[in-house]
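Participant: Sequence first, predicted model second:
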Amino acid sequence: MARPALLPEQKRKQIAVRLGPEDRVRVQATADRNGHGLGTEIEELALEQLAYLETNDEPTRAFLHAITAEIAEIESVTKRHWYKDRATWAAVAEMLRIGPIRHHEADRPRDDEAASAAWQALLEVQFEKERIADQLRALRISVTPEHPVKTAVNDAGLFGELTVTAEFAYAIRETERAAMMALPDGAAKEQAGDLFRRLVELDHEEQELEEQCAELKRPYAEADRYGRDTYHRILKERAQRLRAAGEKFEISHFMGIFY
């Protein structure tokens with residue numbers, strides 16, 4: 001039984017494609033590797049590129065291009081393919097974690113005017129505290145520009161945040177104040193006193209600004225957590241589908257373990 005004739009719009013049509021000598025050699029080499037004729041290879045390349053363009057918008061294409069460029073640079077250094085060499089694979093894994101993804105970050109906190117202003121104010125306070133600490137050291141008074149609570153937590157070790165009280169933390173400043181009061185030179189003591197009072201004021205300003213920054217960054221942290229949880233859920237559901245279909249699946253994803 002003869003096959004029904006195709007409508008004109010259903011028929012395949014030949015399209016002329018012009019290629020330079022070098023490009024023709026490249027396409028022919030690809031066709032030979034794939035066991036295709038030149039025309040078939042050009043058709044598949046065109047359809048593959050069309051599917052790529054339809055699936056990925058311009059920002060996604062730019063991101064993927066950046067990743068492939070990074071992989072090429074890594075492999076040029078290691079002289080190995082990432083899928084064959086452990087060290088090269090590890091370099092690519094690190095690139096995926098901290099490379100182009102960081103340059104394509106969405107909804108960045110630093111683009112938030114309120115968060116950026118609070119962060120800038122916090123930095124200015126910390127810079128001023130550094131300058132005051134340097135001036136006090138010139139008067140032979142050793143002080144830490146770091147907020148006393150942070151210093152106390154660091155000194156307390158692993159469980160510092162659970163054990164340090166505000167009173168204990170600010171005792172650090174009292175120790176520094178006692179050293180200042182022991183200065184024999186009255187003029188130096190007065191100068192140090194003015195600087196020290198300003199340092200304590202800045203301690204309070206710094207704490208308020210850090211709390212403000214933390215509050216402003218909270219929605220971003222929650223979005224990050226939700227995004228990670230979303231991908232974990234995708235992986236787990238994929239593993240469940242594969243297992244149900246009797247296909248190979250990632251056991252850690254099936255169990256909800258992500259690391």
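Facilitator: That came through fine. Numbers count the residues shown, from 1 in each chain.
Participant: all contacts plus neighbour counts: C-alpha atoms, from now on.
Facilitator: Fine.
Participant: which regions of this structure lie under the pLDDT threshold?
Facilitator: Low-confidence segments of the chain (pLDDT under 70): 1-3, 6-10, 149-170.
Participant: Can you give the domain ranges for it?
Facilitator: Domains of the chain are assigned by automatic domain parsing as 26-94, 109-218.
Participant: what's the first-to-last distance across the longest one?
Facilitator: Translated: domain 109-218. By CA to CA, to the nearest Å, the extent of domain 109-218 from end to end equals 10 Å.
Participant: Quick one: distance of it to the chain centre.
Facilitator: Its chain's C-alpha centre lies 29 Å from the corresponding centre of domain 109-218 when counted by CA atoms, centre = their mean, to the nearest Å.
Participant: what's the answer for the first one, then?
Facilitator: Counting by CA atoms, centre = their mean, domain 26-94 is centred 24 Å from the centre of its parent chain.
Participant: for the stretch 151-259 of the chain, what spans make up the helices?
Facilitator: With DSSP state H, counting those that start in this stretch as the criterion, the stretch 151-259 of the chain has helices at 160-163, 166-181, 186-244, 251-254.
Participant: Please work out which of the domains of the chain is packed deepest.
Facilitator: Greatest average neighbour count among the domains of the chain goes to domain 109-218 (a mean of 16), per mean count of other CA atoms under 10 Å.
Participant: any idea which element residue 141 lies in?
Facilitator: Using DSSP states H and E, residue 141 sits within no helix or strand.
Participant: Could you pull up the residues touching it?
Facilitator: Contacts for residue 141 (CA atoms under 8 Å, 6 or more residues apart in numbering) come out as 176, 179-180.
Participant: now residue 253
Facilitator: With CA under 8 Å, 6+ apart, residue 253 has these contacts: 232, 235-236, 239.
Participant: now the residues you listed as a markdown table including neighbour count and distance to residue 90?
Facilitator: Below are those laid out as a markdown table (neighbours: other CA atoms under 10 Å; distance: CA to CA, whole Å):
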| residue | neighbour count | distance to residue 90 |
| --- | --- | --- |
| 232 | 17 | 21 |
| 235 | 19 | 21 |
| 236 | 22 | 24 |
| 239 | 22 | 24 |
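Participant: out of those residues, who's nearest residue 68?
Facilitator: residue 235 (23.6 Å; CA to CA).
Participant: quick one: contacts for residue 199?
Facilitator: Residue 199 touches 129, 132, 145, counting by CA under 8 Å, 6+ apart.
Participant: Could you rerun that using 7 Å?
Facilitator: Applying CA atoms under 7 Å, 6 or more residues apart in numbering, we find residue 199 in contact with 129, 132.
Participant: Fine by me, we can end here.
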